[in-house]
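Novice: requesting a structural model of the entry that follows:
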Amino acid sequence: MSDYAVAKGLTISKELLDAVADLRQRISDVRDQKVSHEKSPRTMQGTSWSAGGGASIVMLRLYPRETDPQQFNSEELPSLRKAIDNYLDLVVACVAANEAKTALTLDNK
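Specialist: Numbering: from 1, shown residues only. Next up, the predicted model:
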């Protein structure tokens, strides 16, 4: 659990922490390491579609060399969306579990 959560006495489930780490690897790291930092002018990017799985990002090199990375296919969108939906459910549960710990008050006028 983060130092902030401990200092504030917040309850954060292991499932939420695991979901954060999982999505960082599956989405953020792919964006940061594969998409954003790709500088080769020979790299072609596109969207692939499979009948059973949906859309994914595809990256490959034009005139590939032996030293070039292999073709990259991201995870398909439906499986990522399912993981994001699960993460959002866990965030809502975390907010509900920690609702009484807020310094803010709700004025019912």
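Novice: please count neighbours and contacts with C-alpha atoms only from this point.
Specialist: Fine.
Novice: can you point out the buried residues in the biggest helix by length in the chain?
Specialist: The longest helix of the chain (DSSP state H) is helix 77-97. Buried residues in helix 77-97, defined by neighbour count with 16 or more other Cα atoms under 10 Å: 80, 83-84, 87, 90-91, 94.
Novice: just send those residues back as TSV, with pLDDT and distance to I57 too.
Specialist: Shown next, in TSV, are the buried residues of helix 77-97 (pLDDT from 0 to 100; distance: Cα to Cα, whole Å):
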residue	pLDDT	distance to I57
L80	92	12
A83	96	17
I84	97	17
Y87	97	22
L90	97	27
V91	96	27
C94	95	32
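Novice: what ranges do the strands span in this structure?
Specialist: Taking DSSP state E to define them, one finds strands in the chain at 43-50, 54-61, 72-73.
Novice: deepest of the ones you listed, which one?
Specialist: strand 54-61 (a mean of 17; mean count of other Cα atoms under 10 Å).
Novice: so in that sheet, which strands flank that strand, and in what orientation?
Specialist: Within its sheet, strand 54-61 is paired with strand 43-50 (antiparallel), strand 72-73 (antiparallel), according to DSSP bridges.
Novice: circling back to that earlier point, of all the buried residues of helix 77-97, which two lie farthest apart?
Specialist: The two members of the buried residues of helix 77-97 with the most space between them (Cα to Cα) are L80 and C94, at 20.9 Å.
Novice: re the thing from before, how far does the longest helix of the chain sit from the chain's center?
Specialist: Centre-to-centre, helix 77-97 and its host chain are 11 Å apart (Cα atoms, centre = their mean, to the nearest Å).
Novice: then stretch 38-55?
Specialist: Worked out by Cα atoms, centre = their mean, stretch 38-55 lies 18 Å from the chain centre.
Novice: just the residues contacting it, thanks.
Specialist: 56-63, 76-78 (Cα atoms under 8 Å, 6 or more residues apart in numbering).
Novice: got phi/psi on P41?
Specialist: phi -70, psi -10 (degrees, to the nearest 10).
Novice: still on that earlier bit, which one of the buried residues of helix 77-97 is nearest Q71?
Specialist: The nearest one, if we look at those relative to Q71 and count by Cα to Cα, is L80, at 19.9 Å.
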